[in-house]
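Asker: Could you work out the structure for the sequence below:
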Amino acid sequence: MKPNIVVSWLDLERLERLLDKLPAAQARARDALMDELGRARLVEPWDMPPDVVTMNSRVRFSFDGAENEEMTMTLTYPKDMRDSAEQLSVLTPVGTALLGLRVGDSIAWQRPDGGQFKVTVRSIEYQPERAGVLHR
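Answerer: Numbers count the residues shown, from 1 in each chain. So this is what the prediction gives:
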């Protein structure tokens, strides 16, 4: 069972616009993100809990029990990707999996090759809503 996720209506609106413009070649990424958004609990941006991964959050996470091998990246819209070592597109399997999770949550996710991975949110170093940055 997947953990509950939380998304602001503002991020939802922006993500839906993104999904509407995706080419057919990105159908798998579109469908995965649409499924996640379909099960999200929506909140006002200013009411977003500070421990939730939102768009443009800088999040520290690990894979499959590799707690000592953590990564820290910013969850980004594809159009804003500038540095793939620092940013993670929401259209990647990991990016889609992280969206809306709380610190401490884990989720199992399917890789494009059909295998599975499990990602766990360790901390959120920056969240725009917590910083009062709502229109980004």
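
Asker: going forward, measure contacts between C-alpha atoms and count neighbours the same way
Answerer: Fine.

Asker: what's the spacing between stretch 69-85 and its chain's center?
Answerer: The chain centroid and the centroid of stretch 69-85 are separated by 10 Å under Cα atoms, centre = their mean, to the nearest Å.

Asker: what's the first-to-last distance across it?
Answerer: Its start and end residues considered, stretch 69-85 measures 15 Å (Cα to Cα, to the nearest Å).

Asker: can you tell me the average pLDDT over that stretch?
Answerer: Confidence for stretch 69-85, expressed as mean pLDDT, is 91.

Asker: Can you list the residue ranges for strands in the protein?
Answerer: Ranges of strands within the chain are 6-8, 41-43, 58-63, 71-76, 87-89, 106-110, 116-126, based on DSSP state E.

Asker: Name the surrounding residues that touch the third one.
Answerer: Counting by Cα atoms under 8 Å, 6 or more residues apart in numbering, the neighbours of strand 58-63 from elsewhere in the structure are 53, 68-75, 117-127.

Asker: cool, and the first one?
Answerer: The set of residues external to strand 6-8 that reach it, using Cα under 8 Å, 6+ apart, is 37, 40-45, 48, 52, 54, 99-101.

Asker: and these, which of them are in helices?
Answerer: Among those, the residues falling in helices (DSSP state H) are residue 37.

Asker: got a winner among the contacts of strand 6-8 for most neighbours?
Answerer: residue 54 (29 neighbours; other Cα atoms under 10 Å).

Asker: ok, that one touching residue 100?
Answerer: Yes - at 6.0 Å, residue 54 and residue 100 qualify as touching, with contact defined as Cα atoms under 8 Å.

Asker: low-scoring pLDDT stretches of the protein, where are they?
Answerer: The model of the chain has pLDDT under 70 over residues 65-68, 135-136.

Asker: Just want the most central residue of it.
Answerer: With distances taken as Cα atoms, centre = their mean, residue 99 lies nearest the centre of the chain, 2.3 Å away.
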